[in-house]
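# Need a 3D model of the sequence below.
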Amino acid sequence: MTAKEFMNRVAKGKDDFLQEFLDILHEHSISYCAIGGLAVNAYVEPVVSLDLDIVILADHLPKLLPPLRTKYGVAEFPNSINVASSSSNLRIQIQTDPRYQPFIQRATRRDVLGYEIPVAAIEDVLQGKIRAAIDETRRPSKRQKDLADILRLLEAREDLISLVPDSLKAKLFPNGPI
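Modelled structure (predicted):
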């Protein structure tokens, strides 16, 4: 079984929703990169997630939404746009927070569970995870997952510890640093 087949089986996909979404981005020349948990998978041993968090170039959003709305369910929120397909349990979340825009220019193509896509630089992925982990409005379970993702990234690149705020270091390493 290929990584793509595995991903689609886990997502209970009748179609390859992720590939269809990526094809729309390519067809409309949309600049983007992965930034969330699946982006973490590009740098460390992968774990399964049914969420794909991406950021697209803000200027490209007006040309992306119409084709998405014709094919998928699209829900807009203050800092994100969620895209869902009735044929898959995969959830795609387009982050619209402007702080993520610079991540696109530093992204490189990497393998994410069988899909070759632009992924934010590891430092940017870490920064995004730090933002999510300290966001008090997020559910505690989501914030715990973000802390685990931060630990996974730090295990891969210990030199990134300097980017982690002291408040998170205390949560991550209650007995002292790694």
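# Find the nearest non-adjacent residue to I161, please.
L154 (5.9 Å; CB to CB, 6 or more residues apart in numbering). Just so you know, the C-beta spots here come from the backbone N, C-alpha and C atoms, and that holds for glycine as well.
# what helix or strand is that neighbour on?
In the assignment (DSSP states H and E), L154 maps to helix 140-156.
# same thing with R109?
Per DSSP H and E, R109 falls inside strand 108-112.
# List the buried residues of the helix holding L154.
Residues of helix 140-156 classed as buried by neighbour count (16 or more other CB atoms under 10 Å): 143, 145-154.
# Tell me the helix or strand right after that helix.
Counting by DSSP H and E, the element after helix 140-156 in chain order, helix or strand, is helix 166-172.
# quick one on the thing from earlier: how distant is the helix holding L154 from the center of its chain?
Remark: helix 140-156 is offset 13 Å from the chain centroid, using CA atoms, centre = their mean, to the nearest Å.
# likewise stretch 118-138?
That offset, for stretch 118-138, works out to 9 Å (CA atoms, centre = their mean).
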